[in-house]
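**Student:** Okay, here's the prediction I keep looking at, along with the sequence it came from:
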Protein chains: 2
Amino acid sequence: MKEVTTLKKISEILNLSISTISRALKDHPEISETTKERVRQLATKMEYVPDANAIQLRTNNSKIFGLLVPSVSYYFYDSFIAAVEEECTKNGYSLLILQSGDDPTTEINHLKLCRQNRITGLFVCITPHTKDVNPFLKLNESGTPVIFFDKVPSYEACNKVCTADVDAARISANAILSKKKKKVLALFGNNHLSITKKRLAAFTEAFEKSKSKPKLVICHALDADEARNITHENLSLKNRPDTIFCMSDEILSGSMKAIQQSGLKVPEEVSVIAISNGFIPKLYYPEVTYAETSGYKLGKLAFTRMMACLSGSTFIQMLSVESVLVEGGSL
Amino acid sequence: MKEVTTLKKISEILNLSISTISRALKDHPEISETTKERVRQLATKMEYVPDANAIQLRTNNSKIFGLLVPSVSYYFYDSFIAAVEEECTKNGYSLLILQSGDDPTTEINHLKLCRQNRITGLFVCITPHTKDVNPFLKLNESGTPVIFFDKVPSYEACNKVCTADVDAARISANAILSKKKKKVLALFGNNHLSITKKRLAAFTEAFEKSKSKPKLVICHALDADEARNITHENLSLKNRPDTIFCMSDEILSGSMKAIQQSGLKVPEEVSVIAISNGFIPKLYYPEVTYAETSGYKLGKLAFTRMMACLSGSTFIQMLSVESVLVEGGSL
DNA sequence: ATGAAAGCGCTAACAA
DNA sequence: TTGTTAGCGCTTTCAT
């Protein structure tokens, strides 16, 4: 059934040794031009494709990266993946993509799968419930670079690339402060996550530093529905907020539903600003103003870091892509 | 640097042959329980992980599927991918994900990459510009099942799984017709794509069959912005449409912007209905009513078909997931 | 119950 | 310029 062309088959037809075929195909200088040509022609005709498994086995060089995310279909990761995949293709690598589903057991199984496939390096966004990052650190120490991205462990000595949480939160806060708002509803996510803590701290700090002090109401929502409910309640108050800040796309999507439901005019009656990857904010009219945390850019950065590690850079560091304010018209 | 545990290393330490180790680890009946236990213990301690490449080389069974899409970060594909990846994990397979970027050259390169990796089977959504599907058909004939999904070639004798385009369009049309609307603006995509043709044909056919005949305005938009402009123009007319149909998520996202801009009340002043994967419609208030074409369900179906092919089912067919109407409140 | 040996497809050092 | 050989890690047939 499955008949594939191998060097051996070509060599038998051409009455040459396997190594000659191998060399001819890699344009080795010691092979005569005539032989090369004959080999190339037949190889093309027989649709020869080298066996990546055999090459890996022989050379111990796999040309495959692993990528472990909670889910591929989630606001941010898809653009991260797109960026990494682009770079992989550009650099002759393949990508083994695995979803943890936010389950630490699956995560560890997937890690094993990566090891089985003898991947060259691993990009990983750990789940919020991952307690033990040692298996990842071990892999890194044993010579397979591990780049943590987005949700990274607090452990110092590892490669981390993150969105500029502090920057993005500060930019958002300052954008609000510059507009002389009276009352701000700030919606944050799960308070156990470091990303929430960082954004919250930077956001409140900016408010405290400022001279003008709008009233600030801080709430936490675990998902879009909760964000929607909280927004709905607040917009129903007699002194409703004139500005809503959402720390993530998920929260923004919930909050926007409540805003649309309220019938209030954006930005005349209520302003909106978010931290986002950019896709969700552009779905509304007016487009939502946001501090960008680009998954795509982060993916490019992660790849660059990976290549540096492979070239021997052992300098371990925390890198981040800077955030910029993208004006939409909602503030 | 990269030190990995192999059967050989274990065998040397235990003073046993490699084959004994191999057998012990697979719980072969002819190995004594004591030996098995010793081997298992050491293997665990040394973190032995079998080399997938060596196994593939030896057994000619790779346990890797290829997945080729235009882009991972696009409305529909991410959920398809999520479904396929879930099933892969459940069944002990890995997934090699590749993006064509809608470029046929990249597509062909990626196909080669899949062959290099000796994948077990391939899921592929061809680009709109793919003229020659022969390389895929050849792969299929040579024993590696190829499942086309979503954008499938018109060629008959191959495995295809699709969303129920005709169903979804008919369901949408009938939902509109049952509401006694007066004037419908129907927005379709690129008219060169078979998906557009199918949906358009089924949609108009349903209208023609019906007794009540609302005025029907059909437009084509190549992207979200164009959909937005067309919607904007139509809503500015003196006799504006009371209903807008969008054949895809991309078109819906553009159209919704214009609707929000108009300030018209949904569904009181203007109704909306779309064909969608479900994510975008749920971002608005009220949620948009849509005929579901689920990427996730399609992924599950594609995987089932793949497994059937691997079990020897050579019965080649076109499968599709049925569409259902999901009521949002916008109609 | 265990071992020896061949071989999957490929590369590379060494020979000729 | 080309061929021979060994070996990457593993499975499996055939001994013992």
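**Tutor:** That came through, no problem.
**Student:** tell me the contacts of residue A:194?
**Tutor:** Counting by Cβ atoms under 8 Å, 6 or more residues apart in numbering or on different chains, residue A:194 touches A:151, A:154. Every C-beta, even on glycine, is put in place using the N, C-alpha and C of the backbone.
**Student:** what's the neighbour count on the closest residue to DNA strand D within the stretch 201-331 of chain A?
**Tutor:** For the stretch 201-331 of chain A and DNA strand D, the shortest gap (Cβ to the nearest atom of the strand) falls at residue A:310, measuring 19.5 Å. Counted with other Cβ atoms under 10 Å in any protein chain shown, the neighbours of residue A:310 add up to 14.
**Student:** Identify the residues contacting the residue nearest to the spatial centre of chain A.
**Tutor:** Geometric centre of chain A, nearest residue: residue A:80, 3.5 Å, by Cα atoms, centre = their mean. Shown in contact with residue A:80 (Cβ under 8 Å, 6+ apart): A:69, A:149-150, A:295-296, A:298-299, A:302.
**Student:** same thing but 7 Å
**Tutor:** A:149, A:295, A:298-299 (Cβ atoms under 7 Å, 6 or more residues apart in numbering or on different chains).
**Student:** residue ranges of the strands in chain A, please?
**Tutor:** A:64-69, A:94-99, A:121-124, A:146-149, A:159-163, A:183-188, A:215-220, A:243-246, A:271-276, A:289-292, A:318-321, A:325-326 (DSSP state E).
**Student:** Switch those strands over to TSV; also include mean neighbour count and distance to DNA strand D.
**Tutor:** What follows is those, written out as TSV (neighbours: other Cβ atoms under 10 Å in any protein chain shown; distance: least, Cβ to the nearest atom of the strand, whole Å):
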stretch	mean neighbour count	distance to DNA strand D
strand A:64-69	26	16
strand A:94-99	24	18
strand A:121-124	26	19
strand A:146-149	26	21
strand A:159-163	25	26
strand A:183-188	22	47
strand A:215-220	16	48
strand A:243-246	28	49
strand A:271-276	28	45
strand A:289-292	25	45
strand A:318-321	17	33
strand A:325-326	16	50
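**Student:** how about those strands in TSV, adding distance to chain B and mean pLDDT?
**Tutor:** Putting the strands of chain A into TSV (distance: least, Cβ to the nearest Cβ, whole Å; pLDDT from 0 to 100) gives the following:
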stretch	distance to chain B	mean pLDDT
strand A:64-69	8	94
strand A:94-99	5	88
strand A:121-124	12	96
strand A:146-149	13	95
strand A:159-163	16	92
strand A:183-188	16	98
strand A:215-220	19	97
strand A:243-246	13	98
strand A:271-276	13	97
strand A:289-292	15	97
strand A:318-321	17	89
strand A:325-326	16	97
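**Student:** Need those strands in a markdown table (columns: distance to DNA strand C).
**Tutor:** Below are those laid out as a markdown table (distance: least, Cβ to the nearest atom of the strand, whole Å):
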| stretch | distance to DNA strand C |
| --- | --- |
| strand A:64-69 | 16 |
| strand A:94-99 | 16 |
| strand A:121-124 | 20 |
| strand A:146-149 | 26 |
| strand A:159-163 | 28 |
| strand A:183-188 | 53 |
| strand A:215-220 | 55 |
| strand A:243-246 | 52 |
| strand A:271-276 | 46 |
| strand A:289-292 | 43 |
| strand A:318-321 | 33 |
| strand A:325-326 | 47 |
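**Student:** out of these, which comes closest to residue B:173?
**Tutor:** strand A:271-276 (35.4 Å; Cβ to Cβ).
**Student:** Flag every residue of the stretch 101-250 of chain A that's near chain B.
**Tutor:** Counting by Cβ under 7 Å from any Cβ of the partner chain, the residues of the stretch 101-250 of chain A close to chain B are A:112-113, A:115-118, A:142-144.
**Student:** Tell me the one of those nearest residue B:210?
**Tutor:** Nearest member of these to residue B:210, counting by Cβ to Cβ, is residue A:113, at 53.5 Å.
**Student:** Isn't the closest one up against residue B:95?
**Tutor:** No - at 10.4 Å, residue A:113 and residue B:95 do not qualify as touching, with contact defined as Cβ atoms under 7 Å.
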